[in-house]
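Asks: 3D model of this:
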Amino acid sequence: MAEPNTERVIVVGAGVVGLTCAVRLLEAGHRVDVVARDLPRETTSAVAAALWYPYRALPRDRVLAWSRTSYAVFDALSDTEPECGVRMVRGTEVLREPQPDPWWNAALPELEATRDVPDGWHGGWSFTTPVADMPVYLDWLARRVADLGGTITRLNLGALPGGLVVNCSGLGARLLGTDRTVVPVRGQVVFVEQFGLDRWWMDNTGPTYVVPRERDVVVGGTDVEGEWSRTPLPEVAEDILARAARLVPELRGARVLRHKVGLRPVRPAVRLERVGDVVHCYGHGGAGVTMSWGVADEVVTLLDR
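Replies: Just a heads-up that it's a prediction; the model follows:
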């Protein structure tokens, strides 16, 4: 039997990608410390609607492989870890005109063409996909890190530390990875009370999406590249709700609970590579949750080779 790997690894970043990498590294026998300026519930991940959907991430072949792996893990978690906050939910992406099947279709068990869509759309695709209640799911990941013997510490770094490092710093990679190709893409969302919605709806041209969770519904969104402000704008919220109500008319009477903004870390291509003692894993755009388990598995492979 092979000896367990006991090398210490520092994971920089406590969003969904950093925590998932930490879990997989701990499961592989590494000693892991997560350090981050923002603790899990303060990250962009905490704002995400967290519907499995490959969005604003390239290259397609690698994104497809990572997303397929993550889908399978989330599907299993929804059955075996009911407290983790992940559910499998059916929904529909609406289309304004006929389109070929999406490039990420191969990652799904099934995708069904449908004409059962609201007025104003030609048709759509219906499929079942993971939806994570991110505050709950991030808490679950953090507990998993602790249960496996890892630590999570708030630390505002000016540079990557020494030793074995996994750089999951997202937008922080502009500084820590000296990578100016990583840019923010601002996404504003509105959380409303759960009014009995049991399926998600999406129009990717907005993007507009309505994603039900157990206690609330996430309504989005925006896609503003280069914008750093995290302050929700009332006029943007009004536009989001108006667009979303065309998909789900019941939204018009739903009570608004809160407004949030997240900054997606977008890059021309996801960076997942080893350079010396550092594995860089960032630039996941709007698909950090979607790719998280797939990229984490590859991080372990890169560190153990």
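Asks: can you give me the helices in the stretch 1-150 of the chain?
Replies: For the stretch 1-150 of the chain, the helices defined by DSSP state H, counting those that start in this stretch cover 16-27, 60-80, 134-147.
Asks: What are the contacting residues of the first one?
Replies: In this case it means helix 16-27. With CB atoms under 8 Å, 6 or more residues apart in numbering as the test, helix 16-27 has contacts from 9, 11-12, 32, 34, 36, 40, 43, 45, 48, 134, 137-138, 141-142, 144-145, 148-150, 152, 166, 168-170, 281-282, 284, 288-289, 291-293, 295-297, 299-300, 303. Just so you know, the C-beta spots here come from the backbone N, C-alpha and C atoms, and that holds for glycine as well.
Asks: Name all residues that make contact with the residue nearest to Phe127 when sequence neighbours are not counted.
Replies: Nearest residue to Phe127 in three dimensions, chain neighbours excluded: Leu111, at 4.6 Å (CB to CB, 6 or more residues apart in numbering). Contact analysis of Leu111 by CB under 8 Å, 6+ apart lists 101-102, 105, 125-127.
Asks: and which of the residues you listed is nearest Asn156?
Replies: Asn156 has its nearest neighbour among the contacts of Leu111 in Pro102, at 39.5 Å by CB to CB.
Asks: What score does that closest one have for pLDDT?
Replies: If you check Pro102, the pLDDT there is 95.
Asks: Please apply the same query to Met1.
Replies: 33.
Asks: Please apply the same query to the one 10 residues further on.
Replies: The score at Val11 is 98. That number is its pLDDT.
Asks: I'd say it and Arg31 touch.
Replies: No: with contact defined as CB atoms under 8 Å, Val11 does not reach Arg31; the gap is 11.2 Å.
Asks: Which one of the two is surrounded by more residues?
Replies: More crowded of Val11 and Arg31, by other CB atoms under 10 Å: Val11, with 32 against 17.
Asks: And that one, how far from Glu110?
Replies: Val11 is 35 Å from Glu110, where distance means CB to CB, to the nearest Å.
Asks: got it, and Arg255?
Replies: Arg255 is 35 Å from Glu110, by CB to CB.
Asks: Also Arg68?
Replies: Applying CB to CB, the value for Arg68 to Glu110 is 14 Å.
Asks: Looking at these two now, which is surrounded by more residues?
Replies: When Arg68 and Glu110 are compared for neighbours, Arg68 comes out ahead with 17 against 8, by other CB under 10 Å.
Asks: OK, contacts around that one?
Replies: 106-107, 294.
Asks: Give me the ChimeraX select line for those residues, limited to the buried ones.
Replies: The buried residues among the contacts of Arg68 can be selected in ChimeraX (16 or more other CB atoms under 10 Å) with this line:
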select :107,294
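Asks: Looking at the contacts of Arg68, which one is closest to Gly91?
Replies: Gly91 lies nearest to Ala107 out of the contacts of Arg68, by CB to CB, at 15.8 Å.
Asks: Straight-line length of stretch 281-293, end to end?
Replies: End-to-end distance for stretch 281-293: 12 Å, by CA to CA, to the nearest Å.
Asks: since we're on Asp139, how many residues are nearby?
Replies: Asp139 - counted by other CB under 10 Å - has 17 other residues nearby.
Asks: The one 5 residues further on now?
Replies: Using other CB under 10 Å, the number of residues around Arg144 comes to 18.
Asks: do the same with Leu148
Replies: Leu148, neighbours per other CB under 10 Å, totals 17.
Asks: any idea how far it is from Val23?
Replies: Taking CB to CB, one finds Leu148 at 7 Å from Val23.
Asks: so where's the protein uncertain?
Replies: 1-5 (pLDDT under 70).
Asks: Just give the nearest non-adjacent residue to Gly150, would you?
Replies: When the adjacent residues along the chain are set aside, Gly150 lies closest to Val32, with 4.2 Å between them (CB to CB, 6+ apart).
Asks: partners of that neighbour in the sheet?
Replies: Val9 (DSSP bridges).
Asks: from memory it sits against Val9, does it?
Replies: Yes: the pair Val32 / Val9 is scored as a contact, 5.2 Å apart, by CB under 8 Å.
Asks: partners of the helix or strand hosting Val219, with directions?
Replies: Following DSSP states H and E, the helix or strand that holds Val219 is strand 216-220. Sheet pairing here is set by DSSP bridges, and for strand 216-220 it gives strand 183-193 (antiparallel), strand 208-212 (antiparallel).
Asks: Beyond the longest one, next helix or strand please.
Replies: For strand 183-193, the succeeding helix or strand toward the C-terminus, using DSSP H and E, is strand 200-203.
Asks: That next one pairs with which strands?
Replies: Using DSSP bridges, strand 200-203 pairs in its sheet with strand 86-95 (parallel), strand 208-212 (antiparallel).
Asks: Is it possible to get the ones you listed out as JSON lines so that each row also shows mean neighbour count and distance to Ile240?
Replies: Converted to JSON lines, the strands paired with strand 200-203 look like this (neighbours: other CB atoms under 10 Å; distance: least, CB to CB, whole Å):
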{"stretch": "strand 86-95", "mean neighbour count": "20", "distance to Ile240": "16"}
{"stretch": "strand 208-212", "mean neighbour count": "25", "distance to Ile240": "7"}
